[in-house]
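Trainee: Next come a sequence and a model predicted from it.
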Amino acid sequence: MHQRPIAGLPLVSLEAVHLNLASLAGEVNVLDGIDLQVAPGETLGVVGPSGSGKSTLLMVMAGLERPSSGRVAVAGADFSALDEDGLARFRRDHVGIVFQSFHLIPTMTALENVAVPLELAGHADPFGAAAEELDRVGLARRLHHYPGQLSGGEQQRVALARAFVPHPRLLLADEPTGNLDGATGRAVMDLLFDLNARFGTALVLVTHDDALAARCSRVVRVEDGKIKP
Ligand SMILES: Nc1ncnc2c1ncn2[C@@H]1O[C@H](COP(=O)(O)OP(=O)(O)OP(=O)(O)O)[C@@H](O)[C@H]1O
C-alpha cells in the first residue's frame, strides 16, 4: 500500500482526456481535452465557474467516470486496463475520496462508517485503526453516534477519517469545506494539509474557497471543460 513513488514520475497523469455526455440539449463536452499531471505529494487546487467540469475531472481521476477518449493513469496504473472490480480495488488501496455531501451510511455509527471499509479490505485491526483516526479528527466522544446525530462539520470529519485511514497516496476532495462554517472549515483544511505533511499524500481539492486554494502548492482553473493556460 505504501510503495515509494518512482522519482520523476507523476502520481496522476491525464492526457487529452475528453468526456462527452448526452443531455436533452444534445451532446455536452464536459471535459474537452484535459492534459494534467499531479506529482507525488503535491497539493493542487482546482477552481473555476460552476458547471465548468471540476467535479467531473475529479470523478475521472478516481476512475468513477470513464473518459470518452484520452488516457488516465494513477500511480502508474492505466485505468483503461482495469475493469470495474480492478478500479474499485485500486481506489481502496490508493485513493481517498471526500465529497461535499459526505456519503456516510446512515444506519452505521461513525466508528462503523470508518471501520467497515477497512474490515472489507482485510485490515488486521479495523475498529482500532478507525477509533484512532476518529480521535485524531476530534471525534473520540462521537464514535457510537449515527450520522443523523452529528452536525455537518462532524459528519465531514467522519468522511475525512474514512478517507484518511488507509493513508492513501492520493486524496481527492470535492468542496471539502463547502458546507461548513468558517472555523470548522479551517479545522478541516488543517486536517487535509496535516495528512499531506505527515504522509506525503497528494491532495487534489476542488474548491470555491479562496483560502483553501491559497494553501495549495499549485492552482489550475477549469473553464468550459478545459484547463485555462
Ligand atoms: N451525467 C451527466 N449528463 C449530462 N451532463 C452532465 C452530467 N454530469 C454533469 N454534466 C454537465 O457537465 C458540466 C460539468 O459539471 P460538473 O459537476 O463537473 O461542474 P463543476 O465545475 O463541478 O460545477 P460546480 O462548481 O457547480 O459544482 C455541467 O454543465 C453539467 O450539467
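Mentor: Yep, that arrived.

Trainee: where exactly do the strands run in the protein?
Mentor: Under the criterion DSSP state E, strands of the chain are mapped to 12-23, 26-38, 43-47, 69-74, 77-78, 95-98, 170-174, 202-206, 218-223, 226-227.

Trainee: what helices or strands is the last one leaning on?
Mentor: In terms of contact count using 3 or more CB pairs under 8 Å, 6 or more residues apart in numbering; DSSP states H and E, strand 226-227 is assigned the packing partners strand 26-38. C-beta: built from backbone N, CA, C; applies to glycine.

Trainee: buried set for the strand it packs on?
Mentor: Neighbour-count burial for strand 26-38 flags 30-32, 34, 36, 38 (criterion: 16 or more other CB atoms under 10 Å).

Trainee: cool, stretch 113-125 as well?
Mentor: 113-118, 123.

Trainee: which residues sit against that stretch?
Mentor: Stretch 113-125 is contacted by residues 92-93, 104-105, 108, 126-127, 129-131, 133-134, 147, 158, 161-162, 165-166 when judged by CB atoms under 8 Å, 6 or more residues apart in numbering.

Trainee: Run through the buried residues of strand 26-38 and flag the ones next to the ligand.
Mentor: Among those, proximity to the ligand is found for Val30 (CB under 6 Å from any ligand atom).

Trainee: and of the buried residues of strand 26-38, the nearest to the ligand?
Mentor: Val30 (3.9 Å; CB to the nearest ligand atom).

Trainee: so who does that closest one touch?
Mentor: Val30 makes contact with 19-21, 53, 56, 225, according to CB under 8 Å, 6+ apart.

Trainee: filter those residues down to the ones near the ligand?
Mentor: The subset of these within reach of the ligand, by CB under 6 Å from any ligand atom, is 21, 53, 56.

Trainee: From these, list just the buried residues.
Mentor: Buried by 16+ other CB under 10 Å: 53, 56, out of the ones next to the ligand among the contacts of Val30.

Trainee: From the ones next to the ligand among the contacts of Val30, which shows the smallest pLDDT?
Mentor: Looking at the ones next to the ligand among the contacts of Val30 by pLDDT, the weakest one is Leu21, with 90.

Trainee: Next, the contact list for that one, please.
Mentor: Contacts for Leu21 (CB under 8 Å, 6+ apart) come out as 27-28, 30.

Trainee: Recalculate using a threshold of 10 Å.
Mentor: Leu21 is in contact with 27-31, 56, 65, 68, counting by CB atoms under 10 Å, 6 or more residues apart in numbering.

Trainee: Just flag the most distant two among these.
Mentor: Pairwise distances across those (CB to CB) peak at 15.5 Å, for the pair Glu27 and Glu65.

Trainee: Which positions in the protein make contact with the ligand?
Mentor: 21, 23, 28, 30, 48, 50-56.
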